[in-house]
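Participant: Got a sequence here, can you build the structure:
(one chain, ligands or ions: 1)
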Amino acid sequence: MERFFSGSGINKNKAMVEHLQRYGVINSKKIGYNATISAPHMHATCLELLQENLQPGMHALDVGSGTGYLTACFALMVGPQGCAVGVEHIPELVASSIKNIEKSAAAPLLKEGSLKLHAGDGRLGWPECAPYDAIHVGAAAPEIPQPLIDQLKPGGRMVIPVGNIFQDLKVVDKNLDGSISIRSETSVRYVPLTSREAQLRDY
Ligand SMILES: C[S@@+](CC[C@H](N)C(=O)[O-])C[C@H]1O[C@@H](n2cnc3c(N)ncnc32)[C@H](O)[C@@H]1O
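Facilitator: Residues are numbered from 1 along each chain as shown. Okay, the predicted model is just below:
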């Protein structure tokens, strides 16, 4: 595959998709909404960071749930007594994530209702199932949205990429007294956590 990724200027999702189309690797037009799936090692990193907050019966929120992959992982970890909510602002992606999950091991949890996927602006969180033991944000925020901090349970943890060009994966712990501790785990590169209009502007 190296030749497909070695061209100059393949530094943006759009350019990469066009490059793959030129080489005939992709023929389908059904790729879009300026969204990407997170790299598998980032999903693994976030699951590791959140594992203590994804115990059976706990509540988890996945902001920017995209394909639904990580939301399904959360649901399998918190189990039928817990609650895993994915919020994604592109309704078409929500619909396709539901189809993905219906084919996965998490399908019974979706059917029973402990796993839910909603269309909405994830910067506002999802108050209905708050407070959350675990919050994951799958897109980079210029700063940590206050509603997400508010919806974190004391003892809860949020993992969120923060920044614009230079981004850090921040680990945000809400202490039992309600105070907040924040540390940087690693440098990352995510698509922006933004409005639907801004995301679709160049689409
Ligand atoms: C890097 S993708 C990660 C998706 C998911 N973790 C996956 O691997 O499938 C980021 C997702 O965040 C979504 N997104 C960006 N801003 C958002 C917002 N304000 N509210 C909800 N979703 C948002 C994008 O549409 C995209 O699907």
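Participant: Report the residue ranges of every domain in the protein.
Facilitator: Domain segmentation of the chain under automatic domain parsing yields 1-31, 40-200.
Participant: So which of the ones you listed is the most surrounded?
Facilitator: Of all the domains of the chain, domain 40-200 has the most neighbours on average by mean count of other C-beta atoms under 10 Å, namely a mean of 18. In this view, the C-beta of every residue, glycine as well, is placed from N, C-alpha and C.
Participant: Could you see whether the ligand lies near that domain?
Facilitator: Yes. Judged by C-beta under 6 Å from any ligand atom, domain 40-200 comes into contact with the ligand at 63-67, 69-70, 87-90, 93, 121-123, 138-139, 190-191, 193-194, 199.
Participant: mean confidence for stretch 45-58?
Facilitator: The pLDDT scores in stretch 45-58 average 97.
Participant: okay, how far is it across it, tip to tip?
Facilitator: With C-alpha to C-alpha, to the nearest Å applied, stretch 45-58 spans 19 Å between its terminal residues.
Participant: contact partners of that stretch?
Facilitator: 60, 70, 73-74, 77-79, 81-83, 133-134, 136, 156-157, 159, 169, 171, 185-186 (C-beta atoms under 8 Å, 6 or more residues apart in numbering).
Participant: how about 6 Å then?
Facilitator: Identification of contacts with stretch 45-58 by C-beta atoms under 6 Å, 6 or more residues apart in numbering yields 60, 74, 77-79, 81-82, 133-134, 136, 157, 159, 171.
Participant: Helix, strand, or coil at the nearest residue to Ile37 once chain neighbours are set aside?
Facilitator: Using C-beta to C-beta, 6 or more residues apart in numbering and skipping the chain neighbours, the partner closest in space to Ile37 is Thr67 (5.3 Å). The three-state label given to Thr67 by DSSP: H, G, I helix; E, B strand; the rest coil is coil.
Participant: Tell me which residue is most central in the protein.
Facilitator: In the chain, the residue lying closest to the centroid (C-alpha atoms, centre = their mean) is Gly138, at 3.0 Å.
Participant: Which residues are in contact with the residue nearest to that residue when sequence neighbours are not counted?
Facilitator: With sequence-adjacent residues excluded and distances taken as C-beta to C-beta, 6+ apart, Gly138 is closest to Gly64, at 3.7 Å. Shown in contact with Gly64 (C-beta under 6 Å, 6+ apart): 122, 138-139.
Participant: How confident is the prediction for Gly64, by pLDDT?
Facilitator: Predicted confidence (pLDDT) for Gly64: 98.
Participant: now swap in Ile160 and tell me
Facilitator: 98.
Participant: Also Phe4?
Facilitator: Reported pLDDT for Phe4: 38.
Participant: Same check on Val25?
Facilitator: pLDDT, Val25: 69.
Participant: gap between the two ends of stretch 56-70?
Facilitator: One end of stretch 56-70 to the other measures 16 Å (C-alpha to C-alpha).
Participant: How about Arg157: what's its closest non-neighbour residue?
Facilitator: Arg157 sits nearest to Asn53 (C-beta to C-beta, 6+ apart), 4.8 Å away.
Participant: ok, now how distant is that neighbour from Cys73?
Facilitator: According to C-beta to C-beta, to the nearest Å, Asn53 and Cys73 sit 13 Å apart.
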